[in-house]
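Engineer: sharing a sequence plus its predicted fold:
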Amino acid sequence: MKTLIIIDVQNDFMPNGSLPVPLGDKIVPVINSINNKFDLIIATQDWHPLNHVSFATNHKDKSNFDVIELHGKPQTLWPNHCVEGTEGAEFHPDLNTKNFEAIFRKGTNTSIDSYSAFYDNGHLKSTGLTGYLKEKGITELYFCGLAADICVYFSILDAFNEGFNCTFIEDASKALDNVHLDKLKQEMVAKGIKIVNSESFL
Ligand code: VGL
Ligand code: ZN
């Protein structure tokens, strides 16, 4: 069972959104073009309450992209994004969602952020995705989406550590910071995570 996990292809991460990922909209047709090559498709949505701890607006005297310490770990403060139930939290309108089997939402807890589709950033709470996939006997996961160097990367890392065979689909993903992504790619390859382009499925 080849399974595609599509991370956070949501309006607020698009070039005209509140936390824009450069060229984020360019991945939508790429993802749509490979969508029929998988046996199972799961998507995630970043889904925050308005009083979420990762929003700079919820911290006195802090600005967007400041880094604070939260539960003993660094936490970047972001512009308000993907607020539950808003237009910005919706999938990009052109994303073909018809055959998504399940949608996992993350970052729903006010007091902790969750970049990964599997765990919150403190690794205290699971989303249940590992159990969902393991119960179906799935071993092979392909990842794409936004942002490549944040939520896609942390999802791949957790999946790899849970024992899944992982592949990052590079041209179906875009990063907030491409220099950072280059470093993470080397790290992923060194671990045994594969990197491919969408043409390899066509
Ligand atoms: C993301 C920053 C904050 C992402 C989510 O989807 O990569 N980045 N929340
Ligand atoms: Zn977020």
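Structural biologist: Nice, I can see it. Residues are numbered from 1 along each chain as shown. Ligands and ions are numbered 1, 2, ... in the order given.

Engineer: count of residues packed around the closest residue to P49 other than its chain neighbours?
Structural biologist: Once flanking residues are discounted, P49 sits nearest to T110: 5.3 Å by Cβ to Cβ, 6 or more residues apart in numbering. From N, CA and C alone the C-beta is placed, and that goes for glycine too. Neighbours of T110 under the rule other Cβ atoms under 10 Å: 13.

Engineer: again with F164
Structural biologist: 22.

Engineer: so is the top strand by length along the chain next to ligand 1?
Structural biologist: Ordering each strand of the chain by length in residues (DSSP state E) puts strand 165-174 first. No - Strand 165-174 lies out of reach of ligand 1 by Cβ under 6 Å from any ligand atom, never closer than 10.0 Å.

Engineer: thinking again about what came up before, residues contacting the residue nearest to P49?
Structural biologist: Listed by Cβ atoms under 8 Å, 6 or more residues apart in numbering, the contact partners of T110 are P49, N51, H52, V53.

Engineer: quick one: which of those residues sit in helices?
Structural biologist: With DSSP state H as the criterion, helices contain none of those.

Engineer: out of those residues, which one sits closest to ligand 2?
Structural biologist: Nearest to ligand 2 out of those is H52 (Cβ to the ion; 7.5 Å).

Engineer: secondary structure class for the nearest residue to the closest one once chain neighbours are set aside?
Structural biologist: The shortest distance from H52 to any non-neighbouring residue, by Cβ to Cβ, 6+ apart, is to T110 (5.8 Å). With DSSP: H, G, I helix; E, B strand; the rest coil as the basis, T110 sits in coil.
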